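Student: Build me a structure from this.
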Amino acid sequence: MLRKFKISIDGKEYLVEMEEIGGVPQAPVVAPVAPAVEAAPTPTPVEAATPAPTESTPAGNDAMPSPMPGTILKILVNVGDAVQENQPLMILEAMKMENEIVAGKAGTVTGIHVQQGDMVNPGEPLITIG
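Tutor: Reported below is the predicted structural model:
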């Protein structure tokens, strides 16, 4: 994809055309399968009015931190998935741009600490790869 940018350096403007090459093709996203859960008691009308708490895995010190503030648009992996170094893990929208969060190392996803739609701040844990 060819993109054009206007860059100003020391007061002089330059028109630059850039082509994105070497991008990692995106694999089709498969909807996550919910784990089997024991039947919960039927909620009373009061319980039904309160939102259910979101389940998240507690983050350890080895969790990948968010590089910038933004909103999680897509999560591309599930807990238990084997990932390779530089494999896209999730899409983080920041300042109207979609940024791929990629694996810093190869391993297995042991915890996902955010959900689609979550707003994150820099340094907040996103995902753990063991």
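
Student: From here on, just use CA atoms for contacts and neighbour counts.
Tutor: Will do.

Student: Distance check, Leu92 against Val83.
Tutor: Counting by Cα to Cα, to the nearest Å, the gap from Leu92 to Val83 is 18 Å.

Student: which one of the two has more residues nearby?
Tutor: Using other Cα atoms under 10 Å as the criterion, Leu92 and Val83 rank with Leu92 on top: 27 against 19.

Student: Just give me the neighbour total for the closest residue to Gly80 other than its chain neighbours.
Tutor: In space, and not counting its chain neighbours, Gly80 is closest to Val109: 5.2 Å by Cα to Cα, 6 or more residues apart in numbering. The number of residues packed near Val109 is 19, by other Cα under 10 Å.

Student: and Val109, that's in a strand?
Tutor: Yes. Assessed by DSSP: H, G, I helix; E, B strand; the rest coil, Val109 belongs to a strand.

Student: List the contacts of it.
Tutor: 77-83, 127-130 (Cα atoms under 8 Å, 6 or more residues apart in numbering).

Student: Val16 now?
Tutor: Shown in contact with Val16 (Cα under 8 Å, 6+ apart): 4-7.

Student: May I ask which two of those are separated the most?
Tutor: Lys4 and Ile7 (9.8 Å; Cα to Cα).

Student: what's the overlap in contacts for those two?
Tutor: 15-16.

Student: Can you find the helix or strand of this protein with the lowest average pLDDT?
Tutor: Here the helix or strand of the chain ranked lowest by mean pLDDT, DSSP states H and E is helix 45-49, holding a mean of 47.

Student: and the residue nearest to Ile129 when sequence neighbours are not counted, how far is that from Leu92?
Tutor: In this structure, Ile129 finds its nearest non-sequential neighbour in Val109, 4.5 Å apart by Cα to Cα, 6+ apart. Counting by Cα to Cα, the gap from Val109 to Leu92 is 18 Å.
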